[in-house]
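Asks: Fold the following.
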Amino acid sequence: MNVSVVLERVENNGYRARCAEPIPASAVGETRDEALDRLRTLLADKVAGGLEVVQIRLPTVTPERPLWPDDEVTRLWLEGIEEARRRGDELTYPWEEAAPGNP
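Replies: A predicted model of the protein is given here:
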C-alpha cells in the first residue's frame, strides 16, 4: 500500500513526517530518514494490529436500481419535465425562423 506523506522540517527538532486519512499518523526524527522510518513503523504496527484500508464500489444505476424512486410523486415530476420539454420544442423563436429566400 502506498501512502502520501508530508515531510517538513521542524525548527530545532529535526523533521516531522505525517499522513492524513485514511490512516492519520505523525512521527518526528532528527533526520528525514529517521522521521520517515518512525512513521513507516507506526503505520506498519497499525496494519499488523488489524487495521485495514479497503475500497468499496458503489452500485451503479441499472433498470433494477433506478436513479429515481418509482413512486407517484416522482412519476408526476418526470411527466411534468417531459411536458415542459415538449412545449418548449413546439415554440418558435425569432432567431430560428428561416430568412427570406432561404428554406
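
Asks: Can you show me the strands along the chain?
Replies: Under the criterion DSSP state E, the chain contains strands at 6-10, 14-19, 25-29.

Asks: got a markdown table for those strands, with distance to Q55 too?
Replies: The way it works is simple: take the backbone N, C-alpha and C, and place the C-beta from them, glycine included. As requested, the strands of the chain are arranged in a markdown table below (distance: least, C-beta to C-beta, whole Å):
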| stretch | distance to Q55 |
| --- | --- |
| strand 6-10 | 22 |
| strand 14-19 | 17 |
| strand 25-29 | 20 |
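
Asks: Dump the ones you listed to CSV, plus mean pLDDT, distance to E83 and mean neighbour count.
Replies: What follows is the strands of the chain, written out as CSV (pLDDT from 0 to 100; distance: least, C-beta to C-beta, whole Å; neighbours: other C-beta atoms under 10 Å):
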stretch, mean pLDDT, distance to E83, mean neighbour count
strand 6-10, 92, 55, 11
strand 14-19, 93, 53, 18
strand 25-29, 94, 57, 17
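
Asks: quick one: which of those is nearest V54?
Replies: strand 14-19 (17.3 Å; C-beta to C-beta).

Asks: Now do the closest one: distance to the chain's middle.
Replies: Remark: strand 14-19 is offset 27 Å from the chain centroid, using C-alpha atoms, centre = their mean, to the nearest Å.
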